[in-house]
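J.: with the input below, show me the fold.
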Amino acid sequence: MVTFLLAAFILISFAGFAKKLFSETGFFRKWQRGILSAQRVLLEDALKYLYDREYNNHFCTLNSLAGALSVKADETAILLARLETLGLVQSRGENFILTLEGRKEALRMLRIHRLWERYLADETGLPQTEWHKRAEKLEHGMTWQETEALAAATGNPSYDPHGDPIPTATGKIPPKKGLPLNELVADDVARILHLEDEPSAVFAQLVAEGLHPGLQVRLLEKSAAKIVFIAHGEEITLAPVVAVNVTVEKKFKTQQLSEPYETLTALSPGEEGEVIGISRNCRGQQRRRMLDLGVIPGTVVKVEMRSAGGDPTAYNIRGASIALRKQQADFIRIKRIREAA
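T.: Numbers count the residues shown, from 1 in each chain. Got it, this is the predicted structure:
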């Protein structure tokens, strides 16, 4: 009798456990939804990659897609087979191309991704190197209504902060234009159109050099070892493998490049500088705060004192003492005010 009761108790307990395990909120369902979500993310990332290859006039192969998604070749083969079954991709020998429906879906995902990058750039204090990674996490699973609400919140922009065009709600996108920086010749003047945000280490180097879409450059020297050019009044040297990630539009009329400038961090305590502008790399909330503080062209800023560790520094801006970190002060371009002899 005791054995029977024990067996019945175990059976009832297991039934209760199984019910919880396989319920809509149970572990199995959560695990199953997690697997399906991961598969959807891979499918959508694959479509974006296929479109990027198409937009840049390159072919997509199984191995190139596997490398881009960081998955094994056999998993990529299954993924491509799934996309073909869904009517989104078709094979052409060893290459794969998007169908009409696949291109529509890829442009939808691209629109969401670039809208998120625009939002993160303009409305948050995230560093530039984080925009792409954060947008990659936010872009999946959004409805059409949510996408259009995001577009409206960002002012229906045409370009993301890297200079990439944002597809319209109807899937229209302008053709690719421009050429890599390292295709210019000596004395060519050009305007930066786009900075490639992958790989992230290369993008971080471009950001560190203060490069951004809209900046004018003039090529000084080109060789197999280096690309040397003038930008924002300074001489910059990049390796050719890095320079190829900068897309520019050549200017055929001679234009005056911006004069050399200093940033606020160049001043020592007691020295003054007149603001000539704020770097375009200062965006969103940070830029609005600078403007609210009165950091506009013509404002005279005086260094009052530096903290014991050297950062932050106290500045006198329009009669108020304001503490700024070095990273913030580096955004403020100034013309040094020298005392009369």
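J.: which residues of the stretch 201-341 of the chain fall in helices?
T.: With DSSP state H, counting those that start in this stretch as the criterion, the stretch 201-341 of the chain has helices at 240-243, 284-292, 326-329.
J.: make JSON lines out of those helices and add mean pLDDT, distance to residue 81 and mean neighbour count.
T.: Backbone N, C-alpha and C define where each C-beta goes, glycine included. JSON lines is the format used below for the helices of the stretch 201-341 of the chain (pLDDT from 0 to 100; distance: least, Cβ to Cβ, whole Å; neighbours: other Cβ atoms under 10 Å):
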{"stretch": "helix 240-243", "mean pLDDT": "93", "distance to residue 81": "34", "mean neighbour count": "17"}
{"stretch": "helix 284-292", "mean pLDDT": "78", "distance to residue 81": "43", "mean neighbour count": "14"}
{"stretch": "helix 326-329", "mean pLDDT": "84", "distance to residue 81": "48", "mean neighbour count": "17"}
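J.: any low-confidence regions in this structure?
T.: Scanning the chain for pLDDT under 70 picks out 1-37, 252-260, 339-341.
J.: and the strands in the stretch 101-250 of the chain?
T.: 179-180, 189-195, 216-222, 227-231, 234-238, 246-251 (DSSP state E, counting those that start in this stretch).
J.: in JSON lines, list the ones you listed along with distance to residue 81 and mean neighbour count.
T.: Listed next are these as JSON lines, based on distance: least, Cβ to Cβ, whole Å; neighbours: other Cβ atoms under 10 Å:
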{"stretch": "strand 179-180", "distance to residue 81": "35", "mean neighbour count": "14"}
{"stretch": "strand 189-195", "distance to residue 81": "34", "mean neighbour count": "20"}
{"stretch": "strand 216-222", "distance to residue 81": "45", "mean neighbour count": "18"}
{"stretch": "strand 227-231", "distance to residue 81": "42", "mean neighbour count": "20"}
{"stretch": "strand 234-238", "distance to residue 81": "41", "mean neighbour count": "15"}
{"stretch": "strand 246-251", "distance to residue 81": "34", "mean neighbour count": "20"}
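J.: turn the helices of the stretch 201-341 of the chain into a markdown table, columns for distance to residue 130.
T.: What follows is those, written out as a markdown table (distance: least, Cβ to Cβ, whole Å):
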| stretch | distance to residue 130 |
| --- | --- |
| helix 240-243 | 20 |
| helix 284-292 | 12 |
| helix 326-329 | 14 |
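J.: wait, which of these is closest to residue 267?
T.: helix 326-329 (8.8 Å; Cβ to Cβ).
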